[in-house]
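> turn this into a structure:
(one chain, ligands or ions: 1)
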Amino acid sequence: MNYPKNDDHQNHTHQNHAHQNRVRQQLADQLAEAVAEALKTDLAEQERVLLVVSGGSTPVMFFQALAKKSLPWERVDITLADERWVDEQGSESNARLVREQLVQDKASPARFVPLTSAVVTPEQGVAEVSGRLRGLAWPASAVVLGMGGDGHTASLFPDSRELDLALSSDEPLVAVRTPSQPQPRITLSADRLHQARRHFLHITGEDKRAVLARALAGDDARKLPIRAFFACPLAIYWAP
Ligand SMILES: O=C1O[C@H](COP(=O)(O)O)[C@@H](O)[C@H](O)[C@H]1O
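This next block holds a predicted model:
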């Protein structure tokens, strides 16, 4: 007697997933369009341009959509807002995600500059990676930020020992240790991220909408670091 109900439930869940995927794909397409336009605008004025992207799970559809855009990708540099200090081949590596999902298709000729190095700790690696970043076309044409459930963005975590430093430093990079995170990390400083010409926030799901609403209702960036970017201004791309 329960079978039809279960079937109904399964169908409903399946439809919800399909709907969620569709709206997230639309969101990714719209964001890819906006970022491609930003890059095109700046490429008309300068020889090379820089795009800063985030890692994590959210950007996959966006990366795939952006990689299909026709642009002079050989004049585009890409780097990350932040990175886990892990092997670049590992599944947790943001660099691996960018190489596998973004520097593909039409975007294959882009130059990707990772934030990791072979040294053991991010503290040891900051100088080397900063040197690598010096050759890029700052300020970035666009920064695409993500946000975690704790309000962190890039690797600006509320519980990080180095949060004050990362929010106030005028150096490009900060090494970060965060009790809530298994690996040490390296992040672009808030100052370096602020300097970009355009800022986008890409988030999905009801949980993140609630975190964003909470963040918008206050102003202490130490509690919810995404707040440090609301005045950029920040174009918010959200889907359920
Ligand atoms: O740890 C990170 O998390 C945020 C959000 O990731 P998501 O998986 O919730 O999309 C990301 O923006 C950041 O670059 C990444 O290192």
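
> please count neighbours and contacts with C-alpha atoms only from this point.
OK.

> and the pLDDT for the nearest residue to Pro225 once chain neighbours are set aside?
Distance criterion CA to CA, 6 or more residues apart in numbering; nearest residue to Pro225, sequence neighbours excluded, is His152 at 5.3 Å. Looking at His152, its pLDDT reads 98.

> quick check: His152 touching Asp159?
No - His152 is not in contact with Asp159 according to CA atoms under 8 Å; the separation is 9.3 Å.

> now do the contacts for Ser108.
Contacts of Ser108 were listed using CA atoms under 8 Å, 6 or more residues apart in numbering, and they are 67, 73, 102.

> ok, the second one - contacts?
By CA under 8 Å, 6+ apart, the residues touching Trp73 are 106-110.

> so what's it closest to, chain neighbours aside?
Of all residues beyond its chain neighbours, the one nearest Trp73 is Ala110 (4.8 Å), with distances taken as CA to CA, 6+ apart.

> try the first one
Using CA to CA, 6+ apart and skipping the chain neighbours, the partner closest in space to Ala67 is Ala107 (4.8 Å).

> how close does Leu80 sit to the ligand?
8 Å (CA to the nearest ligand atom, to the nearest Å).

> tell me, how many residues neighbour that residue?
The local packing of Leu80 (other CA atoms under 10 Å) involves 24 other residues.

> is it in a bridge, and if so with what?
With beta bridges defined as DSSP bridges, Leu80 has these partners: Val53.

> thought it was touching Leu50?
No - distance between Leu80 and Leu50: 10.4 Å, which falls outside the contact criterion (CA under 8 Å).

> what residues does the chain put near the ligand?
By CA under 6 Å from any ligand atom, the part of the chain that sits against the ligand consists of 54-58, 82-83, 145-148, 153-155.

> for the residue nearest to Pro225, give me its contacts.
Residues counted as contacts of His152 (CA under 8 Å, 6+ apart) are 158, 224-226.

> tell me the one among those nearest to Asp42.
Compare each of those with Asp42 using CA to CA and the shortest gap goes to Ile226, at 25.9 Å.

> and that closest one, how far from Ser141?
When distances are taken as CA to CA, to the nearest Å, Ile226 and Ser141 turn out to be 20 Å apart.

> more neighbours, these two?
A side-by-side neighbour count of Ile226 and Ser141, using other CA under 10 Å, places Ile226 first with 29 against 23.

> and the more buried one, what does it touch?
With contact set as CA under 8 Å, 6+ apart, Ile226 has these partners: 147, 151-153, 215.

> where does Gly149 land in three-state SS?
Three states are possible here, and by DSSP: H, G, I helix; E, B strand; the rest coil the one that applies to Gly149 is coil.
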